[in-house]
Structures are given as structure tokens and as C-alpha cells.
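**Q** Provided below for reference: sequence and predicted model.
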Amino acid sequence: MRLLTEKYTKQQERLPDTGKHIAGQFDEEKIIVYQAYKPSIANFAVTNKFLGGKDYSYTRMTWIKPGFIWMMFRSGWATKENQERILAISIGRSHFETILKQAVHTSFKPVIYPSGEEWNTAMKQSDVRIQWDPDHYPNGKTLNRRAIQLGLKGQMAEQFAKKWILDIEDITDFVIEQRKNMDANGIGELIVPKEDIYTLSDSALIKQLDL
């Protein structure tokens, strides 16, 4: 596996306990986001290095998550139906930030949108949705910290799926191994992808994301 890893307990000592944060694995050029799919979609993606094939729909909203543990919560550690395969997808940071700049919250926030009408207009004009959901412990219990997930539809979803992906790695074996590791030894021995806080310098974007 190409992802950098570390003990979960070490990561939690470093990451904030509260607040909204974009936590993930990244370098100067790219960031990793996670998605879970059924085997036919995952097999196509790993072979072709983009998302497509007969079982993949470009018209449905697709959600990307830079937080590994949040993805594990969502997929039940690769046990939920049609989420049995976990993909680590690399995209350029410039494209990731393009997605962020077009993100509109799924619920009305008066601190960002002057009126419900303006929020509705923003929703209609954007192909990106943002949600700040409670992050989780590996066992599923909620944290006070919030994790980001981004929903892509329309042209944005198709650009992401066909043009913006730099690499796709199937990490399902790692996920299963660590699920068994956690069941046998608890979180003290759990290994996860190394994550840090992804910081933004654009003050307008920070306000838009409600960070």
C-alpha cells in the first residue's frame, strides 16, 4: 500500500479534539480522498484509473471524504452492501480547492447566506455540496470534531471522475486487516493512514466553508 500510515493513538494526539477541520493525507501536489463502491465499480476504477463502467452513473451525486475514519464509519469498515471496496483516490490540490470554492452547504446558514433565497440560488448554481458531519472514533462513537464531506454532481462529478484523478489505490485488504486488528487488540494497536490538518490561506474561502 502506498499510503503513509501511523498508529491511530498517535494521530489522535496530534489532531484537534473539537472544531471543523479538513483532515487528510496530502503533500504539496495532491490530497487523498476516499470512496466506497461495490466490486464491479472498484475493479473498473483500479484497472482504468478513472471512475466509470457499466455500473457507474455520472448523473448521481458522488461524495468524497478526505478523512479515513469517517469513511470507515460510513462504510462499516467495508462491510455495508455496495460499499465493500474502499478506494484511496489521489487528486491535485488545485482541483480539490476548485471543488471547495464551489461548495454550497446542504442547509441554510445565516452567517454565510444573507437570505434563504440567496442560499437557494447558490444551490441551483453549484454542482458541489458540503457537509460538516461529526467525526467518529474507530468504534463508531462520535467525536466533538467535525469532518468534511463533499458531494459532486453534474459537470463537477464528471470532471472529477474522468479528468482529475491522478491515481486510484484499492485499500480494501488494509481496511479488513485493520478491522480484524481492532477487534482483536483494540484501538491501541490500530494502524491508519497518516493525516494532518489541511490549512487554507484564502480568508473568503474559509468563511464560505464555515471553518
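**A** Sure, I can see it.

**Q** Validate this expectation: Gln149 resides in a strand.
**A** Yes: using DSSP: H, G, I helix; E, B strand; the rest coil, the assignment for Gln149 is a strand.

**Q** That one - how many residues pack around it?
**A** Gln149 has 20 neighbouring residues, counting by other Cβ atoms under 10 Å. From N, CA and C alone the C-beta is placed, and that goes for glycine too.

**Q** quick one, what contacts it?
**A** Trp63, Ile64, Lys65, Trp70, Ile130, Gln131, Asp133 (Cβ atoms under 8 Å, 6 or more residues apart in numbering).

**Q** Quick one: distance of the helix or strand of the chain with the lowest mean pLDDT to the chain centre.
**A** Within the chain, no helix or strand scores below helix 116-125, which has a mean of 91 by mean pLDDT, DSSP states H and E. Computed by Cα atoms, centre = their mean, to the nearest Å, the separation of helix 116-125 from the middle of its chain amounts to 24 Å.

**Q** Next: stretch 2-11.
**A** With Cα atoms, centre = their mean, you get 17 Å for stretch 2-11.

**Q** cool, and stretch 149-158?
**A** Between the centre of stretch 149-158 and the centre of its chain there are 12 Å (Cα atoms, centre = their mean).

**Q** Endpoint to endpoint, it covers what distance?
**A** End-to-end distance of stretch 149-158 (Cα to Cα, to the nearest Å): 17 Å.

**Q** burial count for Ile41?
**A** 21.

**Q** circling back to that earlier point, the least confident helix or strand of the chain packs against which elements?
**A** strand 103-105 (3 or more Cβ pairs under 8 Å, 6 or more residues apart in numbering; DSSP states H and E).
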